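**Student:** Take this sequence and fold it.
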Amino acid sequence: MRFLPGLLGAVAAGGAAGAALTAYGVWETRRFVLRRYDVRTLPAGMKPLRVLHLSDIHMTPGQARKQEWIRDLAALEPDLVVDTGDNLAHHGAVPVVLDTLAGLLDRPGVFVHGSNDYFEPSLRNPFGYLLPDNGKRHIDKPQLPWRDLTAGLTDAGWLDLTNRRTTLTVGETTFAFAGVDDPHLSYDDLAAVAGPAEAGADLRLGITHAPYLRVLDQFARDGYDGIIAGHTHGGQVCLPGGRSLTTNCDLDPARARGLHRHPADSAPGDPGSSWMHVSAGLGTSPYAQVRIACRPEAIVLTLLPADHPAT
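**Tutor:** Next up is the predicted model:
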């Protein structure tokens, strides 16, 4: 039995390390960061535009720190706001979300919903996110008041891109948008938005909550200059340095967050090629409040003309 004290010590040490890692992961969920990317994508001679990308807020009424941080984003005075869904995580969250976004709702904006806007969150293993997708969707849970969220956002002037195409002029720039409902729930209607992107627009953008390859492929094939998505949480629980292990969809982990090309091996100017931004999001499920090496984020995409001088 001489090995018993050593075994107990190892178990205790492992438990302490696990507790410390979990405590760190909970702390990181409140360490919000604003990231910035420049994208040369506008026609030559046009004025730069700043796009604020918000995603995966997963709001509950008691999250005062998150609410305050998001409110402060209004000071950025973006030219356009793109919200890629999963704003809700509680039945009482709609008025809180609308109040938190109030300073941004007078800016031009577009949005789609994610699966967590539709259904009440449920208890999960916080590290289960690392496991392969088993295809199970929790649509047996009570619905959240997503219709109230839609009404609040559209009444403020934001455009609902749920399985639709539309245009929006911001300053001197005309955007052509195509958006889909959440692909994670197979709510996307790709036929409804299929066809060549509007040739007369200055910039063509595809908007989706979850960056499933079938959606990305169609947007790129149809000639959309850029694609904006969320859903992945950037991997949420990552290796040191932020290396993602999973995306919770069929996108490769190397593109779980940040600015990339789609297809991954394409280059600017290639036919059927788009730039793509995937946000790591601002929240988590209330039952999986942990992030490791993957801070919650909002993003400013500065859209530059092709002839903008390099800095």
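**Student:** list the contacts for the nearest residue to residue 36 once chain neighbours are set aside?
**Tutor:** In space, and not counting its chain neighbours, residue 36 is closest to residue 300: 4.8 Å by Cβ to Cβ, 6 or more residues apart in numbering. The way it works is simple: take the backbone N, C-alpha and C, and place the C-beta from them, glycine included. Contacts for residue 300 (Cβ atoms under 8 Å, 6 or more residues apart in numbering) come out as 34, 35, 36, 37, 50, 51, 52, 53, 76, 78.
**Student:** Would you reformat the residues you listed as JSON lines and include distance to residue 87, secondary structure and pLDDT?
**Tutor:** Output for the contacts of residue 300, formatted as JSON lines (distance: Cβ to Cβ, whole Å; DSSP: H, G, I helix; E, B strand; the rest coil; pLDDT from 0 to 100):
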{"residue": "34", "distance to residue 87": "18", "secondary structure": "strand", "pLDDT": "98"}
{"residue": "35", "distance to residue 87": "19", "secondary structure": "strand", "pLDDT": "98"}
{"residue": "36", "distance to residue 87": "22", "secondary structure": "strand", "pLDDT": "98"}
{"residue": "37", "distance to residue 87": "22", "secondary structure": "strand", "pLDDT": "98"}
{"residue": "50", "distance to residue 87": "21", "secondary structure": "strand", "pLDDT": "98"}
{"residue": "51", "distance to residue 87": "18", "secondary structure": "strand", "pLDDT": "98"}
{"residue": "52", "distance to residue 87": "14", "secondary structure": "strand", "pLDDT": "99"}
{"residue": "53", "distance to residue 87": "13", "secondary structure": "strand", "pLDDT": "99"}
{"residue": "76", "distance to residue 87": "19", "secondary structure": "helix", "pLDDT": "98"}
{"residue": "78", "distance to residue 87": "17", "secondary structure": "coil", "pLDDT": "98"}
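**Student:** List phi and psi for the residue sitting nearest the centre point of the chain.
**Tutor:** The chain has residue 230 as the residue nearest its centroid, 2.2 Å off, counting by Cα atoms, centre = their mean. Residue 230 adopts backbone torsions of phi -140, psi -130, taken as degrees, to the nearest 10.
**Student:** what's the burial count for the closest residue in space to it that isn't next to it in sequence?
**Tutor:** Closest residue in space to residue 230, ignoring its immediate chain neighbours: residue 55 at 3.0 Å, by Cβ to Cβ, 6+ apart. Per other Cβ atoms under 10 Å, the neighbour tally for residue 55 reads 30.
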